[in-house]
Each structure stands twice: as structure tokens, then as C-alpha cells.
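> okay, here's the prediction I keep looking at, along with the sequence it came from:
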Amino acid sequence: MRERPVRPVENYTKPFLVMAYVVVFTLLLLVWDIWGYATALILGVSGIGLLRLWRR
């Protein structure tokens, strides 16, 4: 095989984070539809709390 120069790849972090947001938002809408607003609100606040704890 030939030696090819190593080139940097594109950074796909932002598109990944946008799609993760879309997935989480869709799941919260599904939970809201099935079990109600209070459950979706509790899950959303819990998720934010877990992210803040994980970030420390």
C-alpha cells in the first residue's frame, strides 16, 4: 500500500449535539403524550441535574 498523508478530519461535534437534542426532545414529547406533562417535566429536570453533576 502507498503511504498517504494523514489529513485532519472534519469536526462533527456540533451536528452530533444537535441531533442528540432532537432525539431527546422527541423522546420527551413521546413521554408527554403517553404519560403526561408532569412526567416529561420530571424527566427533563432530572436529565439536566444529571448533566450538571456529571460536568463537575
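Sure thing, it's come through.

> Ile42: how many residues sit nearby?
A count of neighbours around Ile42, defined by other C-beta atoms under 10 Å, yields 13. (C-beta placed from N, C-alpha, C; glycine too.)

> from the chain's centroid, how far away is the helix or strand containing it?
Element membership for Ile42 (DSSP states H and E) is helix 37-55. Distance of helix 37-55 from the chain centroid (C-alpha atoms, centre = their mean, to the nearest Å) equals 12 Å.

> export it as PDB, just CAs?
Output in PDB follows, covering the C-alpha atoms of helix 37-55 (Å, rounded to 0.1, in the frame of the first residue of the first chain):
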ATOM      1  CA  TYR A  37     -46.800  16.700  31.200                       C
ATOM      2  CA  ALA A  38     -45.600  16.100  34.800                       C
ATOM      3  CA  THR A  39     -43.700  13.000  33.900                       C
ATOM      4  CA  ALA A  40     -42.000  14.700  31.000                       C
ATOM      5  CA  LEU A  41     -41.100  17.700  33.200                       C
ATOM      6  CA  ILE A  42     -39.700  15.500  35.900                       C
ATOM      7  CA  LEU A  43     -37.600  13.600  33.400                       C
ATOM      8  CA  GLY A  44     -36.300  16.800  31.800                       C
ATOM      9  CA  VAL A  45     -35.300  18.300  35.100                       C
ATOM     10  CA  SER A  46     -33.700  15.100  36.200                       C
ATOM     11  CA  GLY A  47     -31.700  14.900  33.000                       C
ATOM     12  CA  ILE A  48     -30.500  18.500  33.400                       C
ATOM     13  CA  GLY A  49     -29.500  17.700  37.000                       C
ATOM     14  CA  LEU A  50     -27.600  14.600  36.000                       C
ATOM     15  CA  LEU A  51     -25.700  16.500  33.300                       C
ATOM     16  CA  ARG A  52     -24.700  19.200  35.800                       C
ATOM     17  CA  LEU A  53     -23.500  16.500  38.300                       C
ATOM     18  CA  TRP A  54     -21.600  14.700  35.500                       C
ATOM     19  CA  ARG A  55     -19.900  18.000  34.400                       C
END
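
> so what does that helix touch, helix or strand wise?
If contacts are counted by 3 or more C-beta pairs under 8 Å, 6 or more residues apart in numbering; DSSP states H and E, helix 37-55 sits against helix 13-35.
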